[in-house]
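>>> Sequence plus the predicted model coming up.
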Amino acid sequence: MNALLTIAAALNFVASLLHLLIIYFGASWYRFFGAGERMASMAEQGQLKPTIITLVIASALSMFGLYALAGAGAKIPLPFIKPILVLITSVYLLRSLALLPFLRPAVQSPSPAFWTWSSLIVLVFGLVHLGGLVQRWGEL
C-alpha cells in the first residue's frame with residue numbers, strides 16, 4: 001500500500017466526516033467553517049439546500065477517499081483509477097490557486113479568511129495526492 005495515497009484517503013474521509021458533522025451541528029458550524037451567512041441562515045430556517053449541498057460535497061470527498069485507497073493498492077474494484085486520480089489531484093491543486101488574491105472569487109462571503117485557509121488545506125490535499133500518484137504512476 002502506498003503511504004501517500006493512504007494518507008490522501010484518510011484526509012478525504014476526515015473532510016467528508018467533517019461535512020456530515022457540519023450538517024448535524026447546523027448553522028453555527030456552517031458559520032465557523034466559513035460557508036457564509038447565507039448558508040447558515042438557510043440552515044437555521046430548516047431549508048434543505050445547505051444540507052443537500054453539503055451532502056454532495058461529503059459524498060464526493062468519500063469517493064475521492066475510495067479512489068485514493070484504490071490507487072494506494074487496496075483491492076477496491078473501481079473504474080478508471082488513474083485518470084480519476086489525476087482529475088481529483090487537479091481539482092485540489094486548481095482550487096488551491098484561490099489562495100492567490102487575484103484569483104479569489106469576487107464574492108464577499110465566504111470571507112477572505114475562508115479562501116485563504118481552505119486554499120491552504122486543499123493545497124496540502126493536492127500535494128499529498130500528487131506525491132502518491134507520482135509514486136504509483138507505473139502501477140496504475
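The structure has been received and is ready for your questions.

>>> what's the helix or strand where Thr116 lies packed up against?
If you go by DSSP states H and E, Thr116 is part of helix 112-136. The contact analysis (3 or more C-beta pairs under 8 Å, 6 or more residues apart in numbering; DSSP states H and E) places helix 112-136 against helix 3-25, helix 49-72, helix 81-96. All C-beta spots, glycine's among them, are computed from the backbone N, C-alpha and C.

>>> May I see these arranged in JSON lines, with mean pLDDT as well?
Putting the helices and strands packed on helix 112-136 into JSON lines (pLDDT from 0 to 100) gives the following:
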{"stretch": "helix 3-25", "mean pLDDT": "98"}
{"stretch": "helix 49-72", "mean pLDDT": "98"}
{"stretch": "helix 81-96", "mean pLDDT": "97"}
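
>>> So which of these is nearest Leu120?
Closest to Leu120 of these is helix 81-96 (C-beta to C-beta; 7.5 Å).

>>> buried sites along the closest one?
Residues of helix 81-96 classed as buried by neighbour count (16 or more other C-beta atoms under 10 Å): 81, 84-86, 88-89, 91-93, 95-96.

>>> next one: stretch 9-28
Buried, per 16+ other C-beta under 10 Å, within stretch 9-28: 9, 11-13, 15-16, 19-20, 22-23, 27.

>>> So what touches it?
29-30, 33, 35, 40-41, 43-44, 50-51, 54-55, 57-59, 61-62, 64-66, 68-69, 72, 124-125, 128 (C-beta atoms under 8 Å, 6 or more residues apart in numbering).

>>> Please repeat the previous calculation with a cut-off of 7 Å.
29-30, 33, 40, 43-44, 51, 54-55, 57-58, 61-62, 64-65, 68-69, 72, 125, 128 (C-beta atoms under 7 Å, 6 or more residues apart in numbering).

>>> Brilliant, that's me finished.
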